[in-house]
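Participant: Got a sequence here, can you model it:
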Amino acid sequence: MLSAGLMRVMPRESETVRVPQMFHHEGPAVVPPGADMELPIFVFGLAGPLRDVTVSLHVRHHAMGQLSLGLVSPGPRGVLLSALSGGASSSFGKSCQEPLVFTDHAPVSIADAVPPHMGPYRAVGTLAAFRGLTPPVANGCWRLIVSDVGRGGTGALIACVTLTFQV
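Facilitator: Coordinates of the predicted model:
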């Protein structure tokens, strides 16, 4: 029984609090110059259709303008995140704690970004392409595709990748 003055407030069904679910690529990966790499991110336990997807990452390269990044769902649906954007900048994100975040809600596109490349940016494509994916399609192996068109020097270091889903 509740004492006088205290009222128990239960959320209505339409006001259910939705907690984002996050999935990570474990460990760093190196993409050799002139090569492509697929980084798997295993997603499980999503219980409803996707409402929103964001991608947070920290990538280092001697010239970010030599990289293209894309995200592919198990469905498969794909979205181009960045296409040779970033010019001579040496990273997307400052660290794994201060990443670049691809979100449809950002005011600036990565194609128009100027260094430092941290915080929210819109992808070249739209992450809304993943909205509505149901659990049988959304749960599984997502892939971050990294293409390095550089021909010499060092490749790209993918320090961390996190996918965040709202269902």
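Participant: And the helices in this protein, which stretches?
Facilitator: In the chain, the helices defined using DSSP state H lie at 135-138.
Participant: Listing request: residues of it with sub-threshold pLDDT.
Facilitator: Within the chain, the ranges that satisfy pLDDT under 70 run 1-17.
Participant: And the strands in this structure, which stretches?
Facilitator: Under the criterion DSSP state E, the chain contains strands at 21-25, 29-31, 36-43, 52-60, 67-72, 78-83, 91-92, 100-102, 119-121, 140-148, 156-166.
Participant: Not counting sequence-adjacent ones, nearest residue to residue 24?
Facilitator: residue 162 (5.0 Å; CB to CB, 6 or more residues apart in numbering). The C-beta positions use only the backbone N, C-alpha and C, and glycine is treated the same way.
Participant: Please look at that neighbour and residue 55 and confirm they touch.
Facilitator: Yes - if you go by CB atoms under 8 Å, residue 162 and residue 55 touch, sitting 7.4 Å apart.
Participant: Find the residues that touch each one of the two.
Facilitator: Counting by CB atoms under 8 Å, 6 or more residues apart in numbering, residue 162 and residue 55 have no contacts in common.
Participant: higher neighbour count, the two?
Facilitator: Neighbours of residue 162 and residue 55, each counted by other CB atoms under 10 Å, are more numerous for residue 55; the result is 22 against 17.
Participant: who's in contact with the more buried one?
Facilitator: Contacts of residue 55 (CB under 8 Å, 6+ apart): 71, 81, 101-102, 123, 127, 144, 161-164.
Participant: out of the residues you listed, which one sits closest to residue 18?
Facilitator: Proximity of these to residue 18, judged by CB to CB, is greatest for residue 164, which lies at 11.8 Å.
Participant: The closest one: neighbour count?
Facilitator: 15.
Participant: Check residue 97 too.
Facilitator: There are 8 residues near residue 97, going by other CB under 10 Å.
Participant: What of residue 150?
Facilitator: 19.
Participant: I appreciate the help and will end here.
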